[in-house]
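Participant: I'll drop the sequence and a predicted model, then ask my questions.
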Amino acid sequence: MLAIHGTVLAEVLLTTTNVIESGVQAAPNHDQHHVDSGCSMKAGKPFSLFSALVLSTASRTYIACGAFVLLLGASAVVLINRFLPGMAESTVGVGALMFVLALVPALALVWPYLRRPEATISHYSEFVSRLDGTMAEEIAVDMQRTDVRRLGEELNKLSKRFYVRHQEWTQARLELEQIAGLADESPCLIITIDHFGDLRYLNARAEQVISSLGLRQGDLSLLLPKPALQLVEACITNQETLSNIEVTYNGHTFLWTVTPVRGKALLQAHA
């Protein structure tokens, strides 16, 4: 009888092993987009219970050991009840203990995948709300879950890119302020007009000349070369500079230069 139970136990173990191996071999064909720490998971999708229990090498080891312990316990209970009926109550306790011993490591393995990472996500959200580009901050990455780990790594990359872009923007703004300062201090009349003929900028010298002639900004067209709008459109369309355009007003002569600047025309005149 003991030999028969031993044969049955061996067959059950062999069947269990074959089932596990067939599940492992079939799983990668189902999804081979990403493999990380022995677990196969399609990018962008959360872990499933099948991934947690079957596709991990460690979890397969736990399952095999747990199944082996349970089968040993069940076989021992059957043999003792058959040949030593008086020990039935104690064998039930032994079987329950073996079941617990097999269940605890399986639950310990599956728990991190079943637990929702609210604390980690909340921590990540606070990190994002602090980003202002003034420094390249980094956040501690949760390594227990692959999807959460990836999110943390991408947030750190985003923080670095945000810092670089902020530094580039700050440098560009400083350069523009320097250019604007040079234009304001220039002794020449500097005016910017868009392709609609609308005034976008005039420097301090231009304002001074307009005031000295008793004109307002709306009367600026009296000082511009004619036809001003056509010249601006030609300058922007052809992306070429028009030079030495002479205009005389009230005894004052202005020598204009029209230069295209990013969809606008920069008019510069020596009066």
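Facilitator: Good, I have the coordinates.
Participant: pull the longest strand from the chain.
Facilitator: Longest strand in the chain, counting residues (DSSP state E): strand 252-261.
Participant: in the stretch 101-250 of the chain, which spans are helices?
Facilitator: Using DSSP state H, counting those that start in this stretch, the helices assigned to the stretch 101-250 of the chain run over residues 118-130, 146-185, 204-212, 228-238.
Participant: In TSV: these, plus mean neighbour count and distance to F254.
Facilitator: For every residue, glycine as well, the C-beta is placed using N, CA and C. Listed next are the helices of the stretch 101-250 of the chain as TSV, based on neighbours: other CB atoms under 10 Å; distance: least, CB to CB, whole Å:
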stretch	mean neighbour count	distance to F254
helix 118-130	13	54
helix 146-185	13	17
helix 204-212	15	9
helix 228-238	16	12
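Participant: Ok, which of those helices comes nearest I191?
Facilitator: For the helices of the stretch 101-250 of the chain, the distance to I191 is smallest for helix 204-212, at 5.6 Å, taking CB to CB.
Participant: Show residues contacting that closest one.
Facilitator: Contact partners of helix 204-212, identified using CB atoms under 8 Å, 6 or more residues apart in numbering, comprise 184-191, 202, 216-217, 219-220, 223, 271.
Participant: contacting residues for L222?
Facilitator: Contacts of L222 (CB under 8 Å, 6+ apart): 215, 249.
Participant: try 6 Å
Facilitator: Going by CB atoms under 6 Å, 6 or more residues apart in numbering, L222 touches Y249.
Participant: That one and Y163: what is the separation?
Facilitator: L222 sits at a distance of 50 Å from Y163 (criterion: CB to CB, to the nearest Å).
Participant: what number of residues lie near the closest residue to K226 other than its chain neighbours?
Facilitator: Spatially, and ignoring its direct neighbours in sequence, K226 is nearest to V247 (7.7 Å; CB to CB, 6 or more residues apart in numbering). If you count neighbours by other CB atoms under 10 Å, V247 ends up with 17.
Participant: tell me the average confidence for stretch 134-148?
Facilitator: Mean pLDDT, stretch 134-148: 79.
Participant: mean confidence score for the longest strand of the chain?
Facilitator: Strand 252-261 comes out at a mean pLDDT of 84.
Participant: So which elements touch it?
Facilitator: Under the contact criterion of 3 or more CB pairs under 6 Å, 6 or more residues apart in numbering; DSSP states H and E, strand 252-261 touches helix 228-238, strand 242-249, strand 264-270.
Participant: Any chance of JSON lines for these, columns distance to E138?
Facilitator: JSON lines is the format used below for the helices and strands packed on strand 252-261 (distance: least, CB to CB, whole Å):
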{"stretch": "helix 228-238", "distance to E138": "46"}
{"stretch": "strand 242-249", "distance to E138": "53"}
{"stretch": "strand 264-270", "distance to E138": "42"}
